[in-house]
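# coordinates only, no sequence provided:
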């Protein structure tokens, strides 16, 4: 990804950046010198708070609502933000949703909604961003926020696992096809992170009551720890990294059979 020829700063668009990993990423990229397009679904106030943090780093911010259940039109937001900020150099597909519904109880509409938000939405947004990057010249970066459930299943999360697994393989296809244009594509796969999605927004992950026996590092992650990896992949130091999935999970995925062999009851069978 080359620097814009004009005096304009590089531009990143971070979906779902009104809170959690998205907000931490937007702020981290602003600190790295990027102007940032911020999207939200329902929390406009949260998005405006993110924008203020971005501006606090001396960068420009633009805010837009994004509803990824309204496809394909929702992807227009990528072009609108690119127009407002002048270009797009980085896209972070962070917006997501999930379920805690047993497989036999899933409704078609529920499954479809998760696929739209977590897989089809990132596909369409990435197409828009990649076309803009190619038109600009100079390459670009796309980072898809998946989950440890890109790699391992979870009871009660059928649509989420299907979508994140699909996004992981889509990331690899995109990496192969976009490489000739200088666009790198990678995934970041968080484990349990202290965000609104896990009911732990802004909580201290080192508190004693946060001990996680099944995680080698014995705690949840902080959103800023995920944002740091995303920022690396979005920056110049990752110019030879593409098609990879970066787990940010405290070692959770490495447990494998170790976790299973140490379970003491059947509670894992329920969402």
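Looks like it came in fine. Keep in mind that this is a model prediction, so the values were computed, not measured.
# going forward, measure contacts and count neighbours with C-alpha atoms only.
Fine.
# break down the stretch 151-271 of the chain into its strands, ranges please.
Taking DSSP state E, counting those that start in this stretch, the strands of the stretch 151-271 of the chain run over residues 183-190, 193-194, 221-222, 245-248.
# as TSV, the ones you listed with mean neighbour count, distance to residue 214 and mean pLDDT would be great.
Formatted as TSV, the strands of the stretch 151-271 of the chain follow (neighbours: other C-alpha atoms under 10 Å; distance: least, C-alpha to C-alpha, whole Å; pLDDT from 0 to 100):
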stretch	mean neighbour count	distance to residue 214	mean pLDDT
strand 183-190	26	15	98
strand 193-194	24	14	88
strand 221-222	22	13	92
strand 245-248	21	15	98
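# contact partners for residue 76?
125, 128 (C-alpha atoms under 8 Å, 6 or more residues apart in numbering).
# quick one: mean pLDDT for the helix or strand harbouring it?
Using DSSP states H and E, residue 76 falls within helix 76-85. Mean pLDDT, helix 76-85: 98.
# next, the buried residues of that helix.
Of all the residues in helix 76-85, those buried under the rule 16 or more other C-alpha atoms under 10 Å are 77, 78, 79, 81, 82, 85.
# equivalent analysis for stretch 106-114, please.
For stretch 106-114, by 16+ other C-alpha under 10 Å, it's 106, 111, 113, 114.
# list the residues that contact residue 163.
114, 115, 118, 119, 150.
# can you tell me the closest non-neighbouring residue to the last one?
Going back to what we said before, that points to residue 150. Excluding the flanking residues, the one nearest residue 150 by C-alpha to C-alpha, 6 or more residues apart in numbering is residue 165, at 4.1 Å.
# also residue 249?
Leaving aside its sequence neighbours, residue 249 sits nearest to residue 191 (C-alpha to C-alpha, 6+ apart; 4.1 Å).
# report how many residues lie close to that neighbour.
For residue 191, the neighbour count with other C-alpha atoms under 10 Å is 21.
# for residue 170, see how far away it is.
Residue 191 sits 20 Å away from residue 170, taking C-alpha to C-alpha, to the nearest Å as the criterion.
# again with residue 52
In this view, residue 52 and residue 170 are 33 Å apart by C-alpha to C-alpha.
# looking at the two, which is more packed in?
The neighbour comparison of residue 52 against residue 170 (other C-alpha under 10 Å) goes to residue 170, with 20 against 16.
# quick one: which of the buried residues of stretch 106-114 sit in strands?
Judged by DSSP state E, strands contain none of the buried residues of stretch 106-114.
# and residue 36, what element?
strand 35-40.
# what strands line up against that strand, and which way round?
Sheet pairing of strand 35-40 (DSSP bridges) gives strand 11-14 (parallel), strand 61-65 (parallel).
# make a markdown table from those strands and add distance to residue 186, mean neighbour count and mean pLDDT to it.
Compiled in a markdown table, the strands paired with strand 35-40 are given as follows (distance: least, C-alpha to C-alpha, whole Å; neighbours: other C-alpha atoms under 10 Å; pLDDT from 0 to 100):
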| stretch | distance to residue 186 | mean neighbour count | mean pLDDT |
| --- | --- | --- | --- |
| strand 11-14 | 14 | 28 | 98 |
| strand 61-65 | 24 | 20 | 98 |
